[in-house]
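Engineer: just a sequence and a predicted model for now, questions to come.
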Amino acid sequence: MNKQVTEQWELEVLAGLESIIPGIRSHSLLVALSGGMDSVALLRILVKHKFAVKVAHVNYGLRGEESDGDEAFCEALCTELNVPFFVHRSGADVFKPGLSIQAVAREIRYSWFEVLRQQEHCDFVLTGHHRDDQAETIIMQALRRKAFRMFQPIARLNGHVVRPLLGVTREEIRHWMEKGEYSWREDSSNAEDVYLRNQVRNRLIPELLKIQPSLSDHMEERVVLYQAQYNLLERAIVPHLGEIINGNEGNQTIYLQNILHLYGQDGSAVLAYLLDRLGEPASVGNQVIRLMTSDTGKKVLGLKGIYYRDRDRIIQSPYQDMPQEVWILPGISEVVYGKWKLSIREFRPSGNFIPEKSSEILVMDAARLKWPLRVRPWAPGDKMKPLGMEGSRKVSDILTGLKLSPPVRESAFVISSEDRIIFVQGYRIANKVRYRKDTRRVLEIRITQNV
């Protein structure tokens, strides 16, 4: 049997909510519920004080039965409290190698929260972040990046996301939960020092508390200063955004030369700011900043795309979901390969036939081909004998010689016949299959965007 408990901080949380969003009791709220102590406490407080709430839970499937147990607990709690419950199951396959699991998980849940908020006509999303999370976050940002990162504490209100418990400590929440005899779920991975946050929470903060017992209070006081410093930095950068970055979502060009001209040795802080605007976590930002001193062609896999160093620029390019291979069989008039459409026709050339000269039109002697033709991404070690060149050349060298930007070079495909490469996308055809004056049958392939 649960007990009704009211602490002073609980009343302060309610007053704080009203100050952040005047008239919040008239709004519909979506509560992010993991099943952990903090989010359970937040939900119970809101229900206790008659707020109109709905609940969102994300099951990433990363901990097998334990993840499913969290979901079952949350659903049962919502049934007990008589509040609507929604769940999103992402599946572990969305976590790309080389990226931070926590960063990807954060992107998944906040993207879904926003979709669900609009779908269910909720006004705000509420999360259970508390004061200790604030201290951990500031310390983590200091460890991950230069001081720039410390200018971004967890905000009480960020767009439609509200964090009512930021003034409350973990121990205050635990005391309230235990006094009320409320249950919650413990994430076993929190006890493991696999992630930086766990290392800060389990190892570093206990040592810091020995030196500064009021650590959370101290961090809370610094938050206002850090935010003010960040605002100053932003005001220095925003007027010049058009000079240092250009493009649209997933396809951005960052102009390093202009950044260095405008900001000199502070250029890395400016680049860090831009990457934050693009939605990249600090772990990716650190790697991209290193591209400032890297050679052309170096790349970094980010959360929002792939970043390439290209002369005096850094280019962001989206991930391409390209198939491993498609076949072109006799009689087929069209195949689709990723974003490309290949239109195929075979015909007998007239006496005055002149092949069109275009990088996207492939004209070949059909008699010199072996079926099926295979369309696939180019791979390291691929070679061909290009028309107009002596001997064999590596495909990588051909693409480099054409001075293509790294994203275009990376996404190029090849066509092979009997395991011999006969075409590098839009740029080179193999000498063996070229059109000749004595060609009796022509195979033409036109390459266009698949729209």
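Structural biologist: Structure's in. What do you need? Being a predicted model, the structure only gives us computed values, none of them experimental. Residues are numbered from 1 along each chain as shown.

Engineer: so where is the stretch 151-300 of the chain shaky, pLDDT-wise?
Structural biologist: 151-153, 189-195, 220, 223 (pLDDT under 70).

Engineer: got it, and the stretch 1-150 of the chain?
Structural biologist: Where the stretch 1-150 of the chain drops to pLDDT under 70, the residues are 1-6, 91-100, 141-142, 144-150.

Engineer: make it 90
Structural biologist: For the stretch 1-150 of the chain, applying pLDDT under 90 flags the ranges 1-16, 18-20, 60-67, 89-108, 111, 130-150.

Engineer: now the helices for it?
Structural biologist: Along the stretch 1-150 of the chain, the segments classed as helices by DSSP state H, counting those that start in this stretch run 8-20, 37-48, 65-81, 101-119, 131-144.

Engineer: same question, the stretch 301-450 of the chain
Structural biologist: So, for the stretch 301-450 of the chain - with DSSP H, counting those that start in this stretch - the helices run 395-401, 406-411.

Engineer: columns mean neighbour count and distance to R374 on top of the helices of the stretch 1-150 of the chain, output as a markdown table?
Structural biologist: For the C-beta atoms, the positions are set from N, CA and C on the backbone; glycine is no exception. Below are the helices of the stretch 1-150 of the chain laid out as a markdown table (neighbours: other Cβ atoms under 10 Å; distance: least, Cβ to Cβ, whole Å):
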| stretch | mean neighbour count | distance to R374 |
| --- | --- | --- |
| helix 8-20 | 15 | 59 |
| helix 37-48 | 22 | 51 |
| helix 65-81 | 16 | 40 |
| helix 101-119 | 16 | 33 |
| helix 131-144 | 20 | 44 |
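
Engineer: closest one to V433 among those helices?
Structural biologist: Smallest distance to V433 across the helices of the stretch 1-150 of the chain (Cβ to Cβ): 44.0 Å, for helix 101-119.

Engineer: from the chain's centroid, how far away is that closest one?
Structural biologist: In terms of Cα atoms, centre = their mean, to the nearest Å, the centre of helix 101-119 is set 11 Å apart from its chain centre.

Engineer: quick revisit: lowest average pLDDT across the helices of the stretch 301-450 of the chain?
Structural biologist: Note on these: lowest mean pLDDT is at helix 406-411, with a mean of 76.

Engineer: which residues are contacting that helix?
Structural biologist: Residues from elsewhere that reach helix 406-411 (Cβ atoms under 8 Å, 6 or more residues apart in numbering): 296-297, 299, 306, 308-310, 315, 317, 320, 322, 377, 399-400.

Engineer: Throw those into TSV and include neighbour count and distance to V87, thanks.
Structural biologist: Putting the contacts of helix 406-411 into TSV (neighbours: other Cβ atoms under 10 Å; distance: Cβ to Cβ, whole Å) gives the following:
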residue	neighbour count	distance to V87
T296	15	46
G297	13	43
K299	20	36
I306	19	32
Y308	23	38
R309	22	41
D310	22	43
I315	21	38
S317	22	34
Q320	13	31
M322	16	32
P377	18	37
L399	20	46
T400	14	48
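
Engineer: out of these, which one sits closest to L33?
Structural biologist: Of all the contacts of helix 406-411, I306 has the smallest distance to L33: 34.3 Å, by Cβ to Cβ.

Engineer: and that closest one, what are its bridge partners?
Structural biologist: L301, S317 (DSSP bridges).

Engineer: so it sits against Q316, correct?
Structural biologist: Yes. Counting by Cβ atoms under 8 Å, I306 touches Q316, with 7.3 Å between them.

Engineer: how much space between E207 and M219?
Structural biologist: E207 sits 15 Å away from M219, taking Cβ to Cβ, to the nearest Å as the criterion.
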